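Asker: Pasted the sequence and its predicted model underneath.
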Amino acid sequence: MLLTLSFPLHADNWPQWRGPKNDGHSSEKTLPTSWGPDKNIAWKFALPGPGSSTPCIWGDKIFLTSMTDDGVALLCISTAGKELWRKPLGPKMTVKTMRDEGGNLASGSCSSDGVNVYAFIGSGLLAAYTLAGKEVWTVDTLKLQGEDKFNIQFGAHWTPVLHDGRLYLTLLDRKAQNLVALDAKTGDVIWKAKRSSDSPPGVESPDVYTSPFIWQNGDQALLIVHGNDYCTAHSLKDGSEAWRITELNPKANYNRAWRAVSSPLVTPDLIIVPSCKRGVTVAVDPLKVKGTIAPGSPGEMWRQPKNTPDVPSPIRVDDLVYLMGEGGTLSSSEAATGKVVYEEKITNMRHRANPVFADGNLYLCGRDGVTVVVKAGRTFEKVAENKLPDTFAASPAISNGTLYLRGWKDLYAIKK
């Protein structure tokens, strides 16, 4: 039987994109806060090409996808920095890239349940391999979408979410908006459901770059999907809609270039929904929301009217929510009220990676290789600023006393 990722048995694993509970938190202690090319680098592994997928770590194995000279590959690297195996996932394809080459095919992150590793790449291939590298199954999700290519401006970067023996995947582009649940053991489709939106023709909103999450509180669970002007919750049984948050792209001042990149923060008692283009951020109590959630609806806790994170996802530590702006400004707000506690410009470089938290500190990795470490709390306190000679879009991963940073050129293992 496959293990649910909601309550992992091995606290040191980083089994999915945003960590053991998919909230960016690690329970690790004694991590380094300062490093450099010749300081606290346990090893670095030369990658065959660029990619934005965050390392997935189970036991002594690290899994990630990477562009190669002739396509895309799934790599398994030991926690000692040695390649264990490599599997080709598809031929090289032409993908329109953003300014920082963020549109590559190796952007969706792997996940693992300790039995298999699951990988999605921008060509639409979804594959399962054993941890030893044996193929279990593959699915062409373009066939599920009914297309010969994804109709999305900068490519498909969705990370499927693994929960209770199922993989949930969003297929959201300009021609079709579908949610899919698959059996993680076999790859068989359990259900496919359409996700509705009323965005007008010719706008950018249907280009969705966010990934789905599972909200769970006790025996209640929902699939949370963000993009195309709304954040919605869906039944895990059949994909039917439970509720939706509106006015993320306000109708009265509609932005035709609106597109969701930053994914929500989903926790048992709080969901933080970003938007884009310096717009609104919305906090809701998932135990109280239902139906259509407009400004002021029951269950809505607060709405910040501006300065949403555009790419990095929110993170919560204790009673504070942190928003890492794509342009390098970190803001801290009260989780209960949305009242801004502080705003600090920490770098001048764009931020693509999500913040992670461990041992009292936030790790904030910029595209230019500068990672700023900030102490969590109501007063801004910069602990350290560290530089590596690489380009970073992937989020950090933490396992067994080691911080892993994945660049375009190398995977770095940072350890005291």
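Answerer: That came through, no problem.
Asker: going forward, measure contacts and count neighbours with C-alpha atoms only.
Answerer: Fine.
Asker: what stretches of the chain score poorly on pLDDT?
Answerer: Across the chain, residues meeting the criterion (pLDDT under 70) sit at 1-11, 92-103.
Asker: again, 90 this time
Answerer: 1-12, 90-104, 349 (pLDDT under 90).
Asker: send the alpha carbons of stretch 223-230 over as PDB?
Answerer: Extracted in PDB, the C-alpha atoms of stretch 223-230 (Å, rounded to 0.1, in the frame of the first residue of the first chain):
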ATOM      1  CA  LEU A 223      -7.700  19.400  -3.800                       C
ATOM      2  CA  ILE A 224      -6.700  23.100  -4.000                       C
ATOM      3  CA  VAL A 225      -6.300  24.500  -7.500                       C
ATOM      4  CA  HIS A 226      -5.200  28.100  -8.300                       C
ATOM      5  CA  GLY A 227      -5.200  30.000 -11.500                       C
ATOM      6  CA  ASN A 228      -7.400  31.400 -14.300                       C
ATOM      7  CA  ASP A 229      -8.700  34.200 -12.100                       C
ATOM      8  CA  TYR A 230      -9.800  31.900  -9.200                       C
END
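Asker: what does it contact?
Answerer: With Cα atoms under 8 Å, 6 or more residues apart in numbering as the test, stretch 223-230 has contacts from 170, 197, 199, 205-215, 231-236, 239, 244-249, 258-260, 263-264, 266, 273.
Asker: ditto for stretch 353-366
Answerer: Stretch 353-366 is contacted by residues 18, 24-31, 311-315, 317, 324, 328, 347, 349-352, 367, 371-376, 392-397 when judged by Cα under 8 Å, 6+ apart.
Asker: Produce a ChimeraX select command limited to the buried residues of the residues you listed.
Answerer: Selection of buried members from the contacts of stretch 353-366 for ChimeraX, criterion 16 or more other Cα atoms under 10 Å:
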select :18,24,25,26,27,28,31,311,312,313,314,315,317,324,328,347,349,350,351,352,367,371,372,373,374,375,376,392,393,394,395,396,397
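Asker: Filter the contacts of stretch 353-366 down to just the ones in strands.
Answerer: H25, S26, I315, V317, M324, T371, V372, V373, V374, K375, A397 (DSSP state E).
Asker: I figured the fourth one hits A376, correct?
Answerer: Yes: counting by Cα atoms under 8 Å, A376 is a contact partner of V317 at 7.1 Å.
Asker: ok, the nearest residue to V284 once chain neighbours are set aside - contacts?
Answerer: Distances taken as Cα to Cα, 6 or more residues apart in numbering put E300 closest to V284, at 4.3 Å, once the chain neighbours are dropped. Remark: with contacts taken as Cα under 8 Å, 6+ apart, E300 is in contact with V282, A283, V284, D285, V289, I293.
Asker: Give me the subset of those residues lying in strands.
Answerer: Per DSSP E, these map to strands at V282, A283, V284, I293.
Asker: In contact with the last one, which residues?
Answerer: Read that as I293. Taking Cα under 8 Å, 6+ apart, one finds W243, R244, I245, T246, E300 in contact with I293.
Asker: bridging residues for it?
Answerer: In this entry, I293 is beta-bridged to I245, by DSSP bridges.
Asker: begin at 45 from here
Answerer: Done: numbering now begins at 45, and the last item shifts to I337.
Asker: Against A286, how distant is it?
Answerer: I337 sits 11 Å away from A286, going by Cα to Cα, to the nearest Å.
Asker: Same list, the ones in strands among the contacts of stretch 397-410, but as JSON lines with distance to S110 please.
Answerer: Formatted as JSON lines, these follow (distance: Cα to Cα, whole Å):
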{"residue": "H69", "distance to S110": "25"}
{"residue": "S70", "distance to S110": "25"}
{"residue": "I359", "distance to S110": "26"}
{"residue": "V361", "distance to S110": "31"}
{"residue": "M368", "distance to S110": "26"}
{"residue": "T415", "distance to S110": "22"}
{"residue": "V416", "distance to S110": "25"}
{"residue": "V417", "distance to S110": "27"}
{"residue": "V418", "distance to S110": "30"}
{"residue": "K419", "distance to S110": "32"}
{"residue": "A441", "distance to S110": "16"}
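Asker: Going by residue numbers, what spans are strands in the stretch 95-244 of the chain?
Answerer: Secondary structure of the stretch 95-244 of the chain (DSSP state E, counting those that start in this stretch): strands at 100-102, 105-112, 115-122, 127-135, 155-156, 160-164, 169-174, 179-184, 205-207, 210-216, 221-227, 233-238.
Asker: Switch those strands over to JSON lines; also include mean neighbour count.
Answerer: Below are the strands of the stretch 95-244 of the chain laid out as JSON lines (neighbours: other Cα atoms under 10 Å):
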{"stretch": "strand 100-102", "mean neighbour count": "28"}
{"stretch": "strand 105-112", "mean neighbour count": "25"}
{"stretch": "strand 115-122", "mean neighbour count": "22"}
{"stretch": "strand 127-135", "mean neighbour count": "16"}
{"stretch": "strand 155-156", "mean neighbour count": "28"}
{"stretch": "strand 160-164", "mean neighbour count": "27"}
{"stretch": "strand 169-174", "mean neighbour count": "20"}
{"stretch": "strand 179-184", "mean neighbour count": "16"}
{"stretch": "strand 205-207", "mean neighbour count": "24"}
{"stretch": "strand 210-216", "mean neighbour count": "24"}
{"stretch": "strand 221-227", "mean neighbour count": "20"}
{"stretch": "strand 233-238", "mean neighbour count": "16"}
